[in-house]
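Visitor: Test case, fold it:
(4 chains)
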Number of protein chains: 2
Amino acid sequence: MARAKINDDQLLEKLTKVFQVYGYEGASLSLISEATGLQRASLYHRFPGGKEQMVEDVLSHVDQRFETYLLAPLKTEKSLGARVREMGKRINEFYVGGRRSCLLDTLSLGKQSGAFRKHIKASFTTWLGALEALAKEAGFGAIEARERSEQALISIEGTLVMARATGNRKPFKRAIDSLPGLLIGA
Amino acid sequence: MARAKINDDQLLEKLTKVFQVYGYEGASLSLISEATGLQRASLYHRFPGGKEQMVEDVLSHVDQRFETYLLAPLKTEKSLGARVREMGKRINEFYVGGRRSCLLDTLSLGKQSGAFRKHIKASFTTWLGALEALAKEAGFGAIEARERSEQALISIEGTLVMARATGNRKPFKRAIDSLPGLLIGA
DNA sequence: GTCTATAGCTTGATAGAC
DNA sequence: GTCTATCAAGCTATAGAC
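Guide: Numbering: from 1, shown residues only, chains lettered A, B, ... in the order given. This next block holds a predicted model:
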């Protein structure tokens, strides 16, 4: 039992980055090996289920990061505005100012995507639900709260695609800045 | 010189679909061969530059389709509203009601994406320019016209990602229906 | 212009030593 | 837990017959 070169959290974060940049089929084991500093066989020791398990574990890890970090500010005692602004700051951090793509985008592409669809859909729904609850707390009715939270997610996904395709990250920044207005009307 | 099994236009449309669904790395030659009905060697006869040339040609073909079909209604003599609505109808058609992804999304992922970035960026800019011109014609100032056309593209890209990731195509339909309000304020 | 056959490399995955 | 060595299968691409 030699000592681990990299702990689980660090490993999953390296993997997250690789899947954000290359997607599922583009993320070859060679690439993953290079990014993590672990040889193929070591990767299979950590993830006996291979690439598919890597993706599942990455998705779960990101779910957890969202729950305990990105969306956590929403459950504090601060003002609605302060909560949304803090969440925006963390979302911006997570996507490195628009330089990284959303996993729900990059992993929903291609042949293998069916295997993760359930998880991806669930993650999306959870994220949506958190924003929706916030909009309701701000006084919006059920239908409007729903539409506004969807609008928020759509603008984030759309601007991330635009940032990747064109290199223009300003719309992403603007989308983040628009979150308070969109979600709590302020 | 045996007769062609499939003409250039039909071939490029089959390829478009494959790259929309699988992205660059996911679109293997076996998959392409199956989708087009042509064997590997025949594909290399039609595209001597291999997969990279296929993508370049697909992007150019889609540029042309946008110019001569999707965006063509904007240059007619009809009312602004009628023009935008007709364009929306054709955009919806092109993306098969949200069942297909945008190539600017699927091809900007992965290792190879650098090779197409220039083309992708140019296509994006052209599309944006057409919508911007329309918004200006509707009376919006330069800055607002720019923002509104960006917003239109972002909502389309974002809703297409959402449709792929969750299967929910309603936001895409709504984005199409919102184009008149967004671009000409009606 | 399409085909079969094949080359050479990369892929995801495994066996077994330390 | 990590490693080297190895495997079969898949990949992109090419040669040459019809």
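
Visitor: quick one: pLDDT of residue A:1?
Guide: On pLDDT, residue A:1 comes in at 58.

Visitor: ok, now the one 3 residues further on?
Guide: The predicted structure scores residue A:4 at 94 on the pLDDT scale.

Visitor: if I look at it, how far off is DNA strand C?
Guide: As for residue A:4, its distance to DNA strand C is 14 Å (criterion: Cβ to the nearest atom of the strand, to the nearest Å). Every C-beta, even on glycine, is put in place using the N, C-alpha and C of the backbone.

Visitor: so which strand or helix has that residue?
Guide: Secondary structure assignment for residue A:4, by DSSP states H and E: no helix or strand.

Visitor: So for the biggest helix by length in chain A, what gets flagged as buried?
Guide: Ranked by residue count under DSSP state H, the longest helix found in chain A is helix A:142-166. Of all the residues in helix A:142-166, those buried under the rule 16 or more other Cβ atoms under 10 Å in any protein chain shown are A:145-166.

Visitor: Near chain B, list only the ones from these.
Guide: A:150, A:153-159, A:161-162, A:164-166 (Cβ under 8 Å from any Cβ of the partner chain).

Visitor: Looking at the residues you listed, spot the one nearest residue A:35.
Guide: residue A:164 (18.5 Å; Cβ to Cβ).

Visitor: Of all residues in chain A, which one is closest to chain B?
Guide: residue A:158 (2.8 Å; Cβ to the nearest Cβ).

Visitor: Throw the ones next to chain B among the buried residues of helix A:142-166 into TSV and include pLDDT, thanks.
Guide: Below are these laid out as TSV (pLDDT from 0 to 100):
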residue	pLDDT
A:150	98
A:153	98
A:154	98
A:155	98
A:156	98
A:157	98
A:158	98
A:159	98
A:161	98
A:162	98
A:164	98
A:165	96
A:166	96
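
Visitor: Test my guess that residue A:59 contacts residue A:102.
Guide: No. Taking Cβ atoms under 8 Å as the definition, residue A:59 is not a contact partner of residue A:102, at 11.6 Å.

Visitor: Now do the contacts for residue A:95.
Guide: A:101-102, A:160, A:172 (Cβ atoms under 8 Å, 6 or more residues apart in numbering or on different chains).

Visitor: Can you tell me which of these end up in strands?
Guide: Using DSSP state E, no member of the contacts of residue A:95 falls within strands.

Visitor: For these, which entry has the maximal number of neighbours?
Guide: The member of the contacts of residue A:95 surrounded by the most neighbours (other Cβ atoms under 10 Å in any protein chain shown) is residue A:160, with 28 neighbours in all.

Visitor: so what's that residue scoring on pLDDT?
Guide: pLDDT at residue A:160 comes out at 98.

Visitor: distance of residue A:144 from residue A:181?
Guide: 14 Å (Cβ to Cβ, to the nearest Å).

Visitor: what pLDDT, on average, does stretch A:71-87 get?
Guide: 97.

Visitor: Which residues are in contact with residue A:35?
Guide: Contacts of residue A:35 (Cβ under 8 Å, 6+ apart): A:14-15, A:17-18.

Visitor: ok, back up a step: spatially, what comes nearest to the residue of chain A closest to chain B if we skip its sequence neighbours?
Guide: residue B:158 (2.8 Å; Cβ to Cβ, 6 or more residues apart in numbering or on different chains).

Visitor: quick one: contacts for the one you found?
Guide: A:153-159, A:161, B:171, B:175.

Visitor: let's see 7 Å
Guide: Each residue near residue B:158 by Cβ atoms under 7 Å, 6 or more residues apart in numbering or on different chains is listed here: A:154-155, A:157-158.

Visitor: where do the helices sit along chain A?
Guide: Under DSSP H, chain A gives helices at A:8-26, A:29-36, A:40-46, A:50-65, A:80-94, A:103-106, A:117-137, A:142-166, A:170-177, A:179-184.

Visitor: can those helices go into TSV with extra columns for distance to DNA strand D?
Guide: Converted to TSV, the helices of chain A look like this (distance: least, Cβ to the nearest atom of the strand, whole Å):
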stretch	distance to DNA strand D
helix A:8-26	8
helix A:29-36	8
helix A:40-46	3
helix A:50-65	13
helix A:80-94	26
helix A:103-106	18
helix A:117-137	21
helix A:142-166	22
helix A:170-177	31
helix A:179-184	39
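
Visitor: Could you say which of those is packed most deeply?
Guide: Most buried of the helices of chain A, by mean neighbour count (mean count of other Cβ atoms under 10 Å in any protein chain shown): helix A:103-106, with a mean of 24.

Visitor: which residues touch it?
Guide: A:19-20, A:23, A:59, A:62, A:120, A:123-124, A:157, A:160-161, B:109, B:161, B:165.

Visitor: Grab the nearest non-local neighbour of the residue of chain A found nearest DNA strand C.
Guide: The nearest approach of chain A to DNA strand C comes at residue A:50, 2.6 Å away (Cβ to the nearest atom of the strand). Distance criterion Cβ to Cβ, 6+ apart; nearest residue to residue A:50, sequence neighbours excluded, is residue A:44 at 6.6 Å.
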